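Peer 1: Build me a model from this:
(4 chains)
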There are 4 protein chains.
Amino acid sequence: MKIITTPFPKYLDIEIVEHKAIGHPDSICDGVAEAVSRALSKEYIKETGSIQHHNVDKVALVAGQSIAEWGGGTIMKPIRIIIAGRANPSISVATTAIKATREYVKTVLPLIKDEHLIIDPMIGKGSSELITTAENIVANDTSFGVAFAPFNHIEKTTLGIADFLTGKEIAREFPEAGRDIKVMSNTDGKEMDITVALAFVGKYLHGIDNYRESKEKLTELLRNKFEVQNLLINTLDKYDSKELLYLTVIGTSAEQGDDGATGRGNRINGLITPGRPMSLEAACGKNPVSHVGKIYNVVAQFIANRIYSDTGNAAEVMIQSRIGHPITQPPMVLIRSNATDVKSIVNEELGKLPEMTLGFLEGKFRLF
Amino acid sequence: MKIITTPFPKYLDIEIVEHKAIGHPDSICDGVAEAVSRALSKEYIKETGSIQHHNVDKVALVAGQSIAEWGGGTIMKPIRIIIAGRANPSISVATTAIKATREYVKTVLPLIKDEHLIIDPMIGKGSSELITTAENIVANDTSFGVAFAPFNHIEKTTLGIADFLTGKEIAREFPEAGRDIKVMSNTDGKEMDITVALAFVGKYLHGIDNYRESKEKLTELLRNKFEVQNLLINTLDKYDSKELLYLTVIGTSAEQGDDGATGRGNRINGLITPGRPMSLEAACGKNPVSHVGKIYNVVAQFIANRIYSDTGNAAEVMIQSRIGHPITQPPMVLIRSNATDVKSIVNEELGKLPEMTLGFLEGKFRLF
Amino acid sequence: MKIITTPFPKYLDIEIVEHKAIGHPDSICDGVAEAVSRALSKEYIKETGSIQHHNVDKVALVAGQSIAEWGGGTIMKPIRIIIAGRANPSISVATTAIKATREYVKTVLPLIKDEHLIIDPMIGKGSSELITTAENIVANDTSFGVAFAPFNHIEKTTLGIADFLTGKEIAREFPEAGRDIKVMSNTDGKEMDITVALAFVGKYLHGIDNYRESKEKLTELLRNKFEVQNLLINTLDKYDSKELLYLTVIGTSAEQGDDGATGRGNRINGLITPGRPMSLEAACGKNPVSHVGKIYNVVAQFIANRIYSDTGNAAEVMIQSRIGHPITQPPMVLIRSNATDVKSIVNEELGKLPEMTLGFLEGKFRLF
Amino acid sequence: MKIITTPFPKYLDIEIVEHKAIGHPDSICDGVAEAVSRALSKEYIKETGSIQHHNVDKVALVAGQSIAEWGGGTIMKPIRIIIAGRANPSISVATTAIKATREYVKTVLPLIKDEHLIIDPMIGKGSSELITTAENIVANDTSFGVAFAPFNHIEKTTLGIADFLTGKEIAREFPEAGRDIKVMSNTDGKEMDITVALAFVGKYLHGIDNYRESKEKLTELLRNKFEVQNLLINTLDKYDSKELLYLTVIGTSAEQGDDGATGRGNRINGLITPGRPMSLEAACGKNPVSHVGKIYNVVAQFIANRIYSDTGNAAEVMIQSRIGHPITQPPMVLIRSNATDVKSIVNEELGKLPEMTLGFLEGKFRLF
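Peer 2: Reported below is the predicted structural model:
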């Protein structure tokens, strides 16, 4: 294992940051993929004693069709969730996947009914090569994990807004605020400019005025709480008819016209940050034992966090795997930081890999 | 439109770079999505006079099952390509999509037969809001485009290897080299280390020795041509049995165990570069008229290229859209470059947007 | 309307009779088709004031995969139910179909869980021609209904056994008796010979002896109750291993290897009687307003029953429709009976057609 | 084997007879099922030396959507053909099924294009029990075959019209006559009344007058050739607009609004005859080695034909199988005929069973 370090690049003044909240079609696919992976892992442990190879990181969501109404609305066509992937067939993969998907989606979209959802698992066997490697805990792909720490102000604010909007307080005070939210922020180095797209739920609203009032209250709340004046919600709204507002039946654009896919939304730190190091790997849905596209992204984040918390220095971390290598010994770790002596941190965090599996099963790590 | 510039960040010494070639499952999905978008666009023009709203950027590929053999092999289960998305239903969307998909896949996988492929279009209507905006050529999403120029040495080398391996010379001299190729490179600032995964085609090989010999020749060829000593092909191979080699029937891992999805592979410059600015948008499959997730990525690349060619300065460019805004006037353009006076370049390139549509239809721009 | 009568043909001495009970894959498809039609009809009435055109008589069931065990067992792959058909899109057809299917299947297979079932509605719009005719209550097809009365001894016995085996007493006393049952009877004019195939449920059995004992008890019970000595259950059983018995997890061969389709099982009198007049129309799933393939079969049965009950004469009845004709005036009614003056019965029963719709909605008529 | 005979029942005076021609959605499914069975059988022989167990008799067709036009028209949504069933997985079942389906459909619908058709095989493994029996050529089901001979006048006429309309002469002289044809005949014992529904092909017609003229010519031709005055074609036509005619793009109602399923159309003699003995078994798609639901229907027909040709006596034949019994020794053969000494005919025809397999592979026997 080579560990290579260079100085941290100059901090960015200008930046664009995006977050897709849990009810966004892409995030639903991320969440479903991970829920299925966790359910399969537990079932493998129960039935075979250990987690077998699987990779269900290709979930696709085909939008339904709906008619939103004040006080209600109708789902005309169900949402279809296709779970493509591979899994060792020693357990009942498909039924486990269906169950985990249904349960997960209900936590994200509390108003969804069984008949609004078609779940179609298309999970085949893996190639023999990769299944055998799973047992030895060697990397099952040539891939890399990427992370950075700490968040700067715009990143913190963007994620803070998103997490606040999908949190308990809003659920209680603003039940009309759906969980399909997209926060798009930019800064020119001086000011932040934030646009929020938020799917309102017709059931809890009784007309255009009510919608407008709720939106204005939420806007004020966010502006004050996050100290950002240039914040707008649903900029495309026209108060002429409900068709020109962002109104939904169950709180997601997936009910009408917006498809989704795993790996197309947030990175494991919860953000999309084009100006900062990012991995393109979908962490969700990959097995937590050998799939470096998942594990190395999380470990890279842990290393970056540790460097920052232990030394006060910002850090960008990239870990490369090579297929067939033991996962605890990646061939290459690249670190951009002004911290010195990061090797012990790297080694310590990589050493925790075996016990991290449990953390994945318990859903302890943010993955999207 | 605000155009904001800051100095270009210090060049990276250490970097990881990846490319997935045209036969990789993710790239197949990118190519299919774009082929369908182009076919739909042409059909819309023919039938309605102009390109209607569509977005077919959620293509998923469910791997088949195959038995590779020396001198041949069998596809046991077909590859399934699901085309999720939205399109104005004024034309025969589904049949157009099927035809375009079949034709495209044959160009990438010349050995594939009709019966090896199930094409399942699941393309619904879009939400009314977005369909109406398509006519006025305003941005149909709040999104951004990202690009940088020029490529550094490792980036150039990585893409050079990939394009060479999928080019005419290799097709002629090494027909056994399939087009599902993944090139993974890293550099510590001094040396490059390159790993190539390449799906060999059983039909053109008559045994393990033949495979080994071909692989060694290709390795030598690449090492010499691209002046890189640390280059390996198919590192996981064991010469004990064909099951332990990377052997396929039609030259792609999609035939056995590897699923794919649009937007999960290369960015529009052809690479995955975690240490450099990247957009997460899938450019492929989006309509070339109003879909900023496609158009702004390409324009950002043009601007970066122009800054570099006109001024000799490297540049990173981010363009942000806002849903409902005219696409020729993005609210924000962020540029990191040491070049001065980039505004005229930005304005000129944005001014070319309307005529770019034709370029998309003709497939003139690299998109993955 | 021409009503033509000829004498009843000589009664048959020799005959073969078959029944597929409610848990048989073909019957599941019949039941699902009818459950969906009823749910759609009710929803049409609720939303539009009247039943709109629909025909969902092409339900297909793709078997799952299961591992039966004493005391339990596992569904490895879910059962897929595809609902092909046509329905006026003024209501949420797909979600209504999914809900009705799930609810119906649970009544037939009480042990089935949500994740054991994929329900995939593929219900499109009808052709414009037929949708318009639905409003005027004219026949929507050129078709015919067929029936006979009364049942002879072997027919009565066959249906009696089937209904007894799926009834409350057996459910209480023999919970191990699944509802996928096929009764196949023949007679040479003197004796009956009856073979019963019955899916046993592993959950309620603890071993081969237990299975054998239950089967022997059931055999005795049926022989005595129906006074037939030549009656055998599961003739293929070999008591060497559970794989050689007819053992299931949830009581249907649909869980493992047996596909089904609407219209492939019982006629509306509950039987398959090759030597007696039969319609090939699937009654289930057709709309109860204009679909003569459904309505005329039931009316023909009513006419035959009435002729027999009023006159004591056996009767075979065929009613032909012609597309576009008012359904209360079929062009041709053919009756084979020794009864005289059947015209008033025919007219009376045809006159009840309009009010029969409600009977279909309430599930009052046997349809399979 | 018991062979039981009783006198032939009195001939019917009144009867209804129906035929669905090769382009009818149900018949397409019959033809596809059989084409797939034949292709699988040949592939099994090639790869394993003998025909393995399979049963693909649950083909479903989900109609497309089309816009018929004079001189052309457009298929807006493809036709979907789902092939449910079971087959021994020792060969590439799915790809073989796709290829056979595509080839077959093109022979029936010459105007169909690849992109008009989605073929989705859902063929799983059979239950272990049945696969093992396939090797010993014992009956794989408890089922029966049914047949009668000879045809009476209305039956001969009905089938004659259908076969003439789908024959070479019509194809040459009336290319506008599609092959989705339904012939519905009845007789009151004196006269025949025949209704033909025939899908006209827009491509070969240039307007309403042309359609009308063609239809009138065909009507005249059929009336003269088959000596039946009461014969009408497309009785629902209104010459006000093309939407009120039976006009199609590729000559089948499957292109717009009419779904289909295997086993829902003609019996193996080519007709639906509710007043005559009929089997409900779908002969098409079943394996020709052990599947009595296919084989016994054909053998019963051979026996009935032989009785009639050898003795001049009409005959109705029913053969019952019992699962697990050698197929050459059915437990029961029931014959209604005035012929004496039919046993030798029965034995001879049953003796030919082993060599019949080849006849199925070569498509020598009418099956629908």
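Peer 1: which residues in the stretch 51-200 of chain A form helices?
Peer 2: Along the stretch 51-200 of chain A, counting by DSSP state H, counting those that start in this stretch, helices occupy A:93-108, A:128-136, A:153-165, A:168-173.
Peer 1: Next, format those helices as TSV and append mean pLDDT and mean neighbour count.
Peer 2: Where you see a C-beta, it was placed from the backbone N, CA and C, and this is true even at glycine. TSV is the format used below for these (pLDDT from 0 to 100; neighbours: other C-beta atoms under 10 Å in any protein chain shown):
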stretch	mean pLDDT	mean neighbour count
helix A:93-108	98	22
helix A:128-136	50	16
helix A:153-165	97	20
helix A:168-173	96	12
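Peer 1: want to throw those helices into JSON lines with distance to residue B:17?
Peer 2: Shown next, in JSON lines, are the helices of the stretch 51-200 of chain A (distance: least, C-beta to C-beta, whole Å):
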{"stretch": "helix A:93-108", "distance to residue B:17": "34"}
{"stretch": "helix A:128-136", "distance to residue B:17": "24"}
{"stretch": "helix A:153-165", "distance to residue B:17": "25"}
{"stretch": "helix A:168-173", "distance to residue B:17": "41"}
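Peer 1: closest one to residue C:239 among those helices?
Peer 2: Nearest of the helices of the stretch 51-200 of chain A to residue C:239, taken as C-beta to C-beta: helix A:93-108 at 30.3 Å.
Peer 1: who touches that closest one?
Peer 2: Helix A:93-108 has contacts (C-beta atoms under 8 Å, 6 or more residues apart in numbering or on different chains) with A:22-23, A:28, A:31-32, A:35-36, A:38-40, A:43, A:54, A:56, A:81, A:83, A:87, A:112, A:114, A:117, A:119, A:121, A:123, A:179, C:75-78, C:113-116, C:118.
Peer 1: which of the residues you listed are buried?
Peer 2: The neighbour-count test (16 or more other C-beta atoms under 10 Å in any protein chain shown) marks A:22-23, A:28, A:31-32, A:35-36, A:38-40, A:43, A:54, A:56, A:81, A:83, A:87, A:112, A:114, A:117, A:119, A:121, A:123, A:179, C:75-78, C:114-116, C:118 as buried among the contacts of helix A:93-108.
Peer 1: can you map out the helices along the stretch 251-368 of chain A?
Peer 2: According to DSSP H, counting those that start in this stretch, the stretch 251-368 of chain A carries its helices in the segments A:292-311, A:343-351, A:353-361.
Peer 1: right, so these: which one is the most enclosed?
Peer 2: helix A:292-311 (a mean of 23; mean count of other C-beta atoms under 10 Å in any protein chain shown).
Peer 1: what angle do that helix and helix A:343-351 make?
Peer 2: Between helix A:292-311 and helix A:343-351, the angle comes out at 140 degrees (axes from the mean of the first three to the mean of the last three C-alpha atoms, to 10 degrees).
Peer 1: Which neighbouring elements make contact with helix A:292-311?
Peer 2: Applying 3 or more C-beta pairs under 8 Å, 6 or more residues apart in numbering or on different chains; DSSP states H and E, we find helix A:292-311 packed against strand A:144-149, strand A:315-320, strand A:332-337, helix A:343-351, helix A:353-361.
Peer 1: Now tabulate those in JSON lines and tack on distance to residue B:169.
Peer 2: Shown next, in JSON lines, are those (distance: least, C-beta to C-beta, whole Å):
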{"stretch": "strand A:144-149", "distance to residue B:169": "30"}
{"stretch": "strand A:315-320", "distance to residue B:169": "29"}
{"stretch": "strand A:332-337", "distance to residue B:169": "31"}
{"stretch": "helix A:343-351", "distance to residue B:169": "42"}
{"stretch": "helix A:353-361", "distance to residue B:169": "43"}
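Peer 1: possible to save those as CSV with mean pLDDT and distance to chain B?
Peer 2: Below are the helices and strands packed on helix A:292-311 laid out as CSV (pLDDT from 0 to 100; distance: least, C-beta to the nearest C-beta, whole Å):
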stretch, mean pLDDT, distance to chain B
strand A:144-149, 94, 4
strand A:315-320, 94, 5
strand A:332-337, 92, 4
helix A:343-351, 94, 14
helix A:353-361, 91, 19
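Peer 1: For residue A:74, which non-adjacent residue is spatially closest?
Peer 2: Sequence neighbours aside, residue A:67 is the residue nearest to residue A:74 in space, at 4.9 Å (criterion: C-beta to C-beta, 6 or more residues apart in numbering or on different chains).
Peer 1: Next: residue A:367.
Peer 2: residue A:283 (4.7 Å).
Peer 1: Out of the helices of the stretch 51-200 of chain A, which is closest to residue D:214?
Peer 2: Closest among those, using C-beta to C-beta: helix A:93-108, at 51.9 Å.
Peer 1: Name the residue closest to the centre of chain A, please.
Peer 2: Chain A has residue A:368 as the residue nearest its centroid, 1.7 Å off, counting by C-alpha atoms, centre = their mean.
Peer 1: and the closest residue to it other than its chain neighbours, how many residues sit next to it?
Peer 2: Of all residues not flanking residue A:368 in the chain, residue A:30 sits nearest, at 4.0 Å (C-beta to C-beta, 6+ apart). Residues contacting residue A:30 under the criterion other C-beta atoms under 10 Å in any protein chain shown number 29.
Peer 1: sec struct for residue A:30, please.
Peer 2: Of the three states, residue A:30 takes helix according to DSSP: H, G, I helix; E, B strand; the rest coil.
Peer 1: With chain D as the reference, measure out to it.
Peer 2: 28 Å (C-beta to the nearest C-beta, to the nearest Å).
Peer 1: isn't that residue right up against residue A:284?
Peer 2: Yes - taking contacts as C-beta atoms under 8 Å, residue A:30 lies within contact range of residue A:284: 4.3 Å.
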